[in-house]
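here you go, sequence then predicted model.
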Amino acid sequence: MSTPRVVIVGASIAGLTAAETLRQEGFASEIVLVGDEPHSPYNRPPLSKQVLHGLWEPEQAMIRTADELADLDIDLRTGCAATALDVSARIVHTTQGPIEFDELIIATGTAPRQHPLLPDAHTLRTLDDAIRLRESLTRSTRVAVIGSGILGSEIAGAARKHGAEVLLVGRSGALSFGSVGTLLSDRLAELHRDNGVELMLDAEVTGSTTTDAGTALTFDDGTTRTFDLVVTMIGGTPRTQWLTTSGLDIADGIACDAAGVAAPGISAIGDVASWQDPSTGQNVRAEHQSYAIEQALSVATRLAHGTASPAPVPLFWSEIHGTRINAYGWFNQHHPLTEAHADADARSTVLLSHDRSGAVRGAIGWNASPREFRAARASVMPPTPELIPHT
């Protein structure tokens, strides 16, 4: 190739942000953005929030209009799935033929993990999933959500918004909230119960039968209950199957250094990427849109200018039963959160996570005002510089 070509595999927010940032930073050569879905790039967080709640129509989740995409001057290939990567030849093989690259950015995300006893249950990852699930929620009165993570909680909230009776099932005994882990479990459980969600957090589905009345689930305590709708959200699997012969480390996503480099000329961002955490030296995969955007900005700036950007700080949010929860930084499951601020009725709270030295490493806003959360973010200390690896 006579001019450098950047190929981005994965046309969601991380991939599109990388393409946009390259252009904004002055990269004038060819950019190919490959996506396996037929849609233009769209935001995923609104699927479990605005779209499921009926507040948005699907087209409102689109990130850019057709004219805005055209102005970027990128080669957007939708309905094009990557099938293999030849690192030495610098070729991505796809369902639409091989694509040569000089620099490759992988942003393929995750796929919902299927429950072995509920292979036909609803899941939520794509826009089409959200449309189907919303239609089902509008005609369901008894909903079971299997999975006690953020998406499980958000879907339970959407089901309650549609007026259904909801059972939220987990097997770990606690509710988790992304990289915050189970530190908010008690607060989340109280929030769900206050909004009419029944919780079974130490339960296992041991059987499933389809009847005229719906789906009958049997639990490990011997009880059986029937539901109109069953949704499984039991975690995601990094979409790395097409990389099995590439030689990249894909044990848990794509292993990268602290700058997002997986191999010379190959970077990974978003849910599929496992970046080295400068604060611990360990590789961490965080499934949050804000973090994916920060990674995309960092990698694109590095490719455009040849210098590494500071490692992004994890930032994410959720809204469950109308309660806004923001989290910023790093959280240690062995160090309980401390309450830095709460209003009189504790509806608005700021919580902090400290390391062993007492330094603030993470901040959470529970219905906190933007001003309160900004102040909490400002108190978070950056990673220890000596732990940042040289790449």
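Everything's here; your move.

what packs against the helix or strand hosting A189?
Assessed by DSSP states H and E, A189 sits inside helix 185-194. Under the contact definition 3 or more C-beta pairs under 8 Å, 6 or more residues apart in numbering; DSSP states H and E, helix 185-194 sits against helix 150-161, strand 197-200, strand 315-320. Glycine gets a C-beta too; all of them are placed from N, C-alpha and C.

ok, of those, where does mean pLDDT dip lowest?
Mean pLDDT per stretch puts strand 315-320 lowest among the helices and strands packed on helix 185-194, at a mean of 91.

can you tell me the strand partners of that one and which way each runs?
Partners of strand 315-320 in the sheet, by DSSP bridges, are strand 323-329 (antiparallel).

okay, buried residues for the strand it pairs with please.
By neighbour count on 16 or more other C-beta atoms under 10 Å, the buried set for strand 323-329 is 323-329.

quick one: low-confidence parts of the stretch 251-391 of the chain?
Applying pLDDT under 70 to the stretch 251-391 of the chain picks out residues 279, 342-346, 383-391.

could you redo the last one with a cut-off of 80?
Filtered on pLDDT under 80, the stretch 251-391 of the chain yields the residue ranges 278-280, 308-312, 341-347, 382-391.

thinking again about what came up before, export the helices and strands packed on helix 185-194 to CSV and tack on distance to S185?
Shown next, in CSV, are the helices and strands packed on helix 185-194 (distance: least, C-beta to C-beta, whole Å):
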stretch, distance to S185
helix 150-161, 11
strand 197-200, 10
strand 315-320, 13
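
of all those, which lies closest to G35?
Taking C-beta to C-beta, helix 150-161 is the member of the helices and strands packed on helix 185-194 nearest to G35, at 21.3 Å.

partners of the next helix or strand after that closest one, with directions?
Next helix or strand after helix 150-161 toward the C-terminus (DSSP H and E): strand 165-169. Applying DSSP bridges, strand 165-169 is found paired with strand 142-146 (parallel), strand 197-200 (parallel).

for the record, mean pLDDT for the longest one?
So that's strand 142-146. Strand 142-146 carries an average pLDDT of 98.

what does the helix or strand where R374 lies contact?
Assigning secondary structure by DSSP H and E places R374 in helix 370-378. Helix 370-378 has contacts (C-beta atoms under 8 Å, 6 or more residues apart in numbering) with 326, 328-329, 340-341, 348, 350, 352, 363-365, 368.

buried sites along it?
For helix 370-378, a neighbour-count test (16+ other C-beta under 10 Å) marks 372-373, 375-377 as buried.

for those residues, which one is nearest G157?
Among those, and counting by C-beta to C-beta, the member closest to G157 is F373, at 20.8 Å.

I'd like the distance between that closest one and P45.
Distance of F373 to P45, computed by C-beta to C-beta, to the nearest Å: 17 Å.

equivalent analysis for T323, please.
T323 is 16 Å from P45, where distance means C-beta to C-beta.
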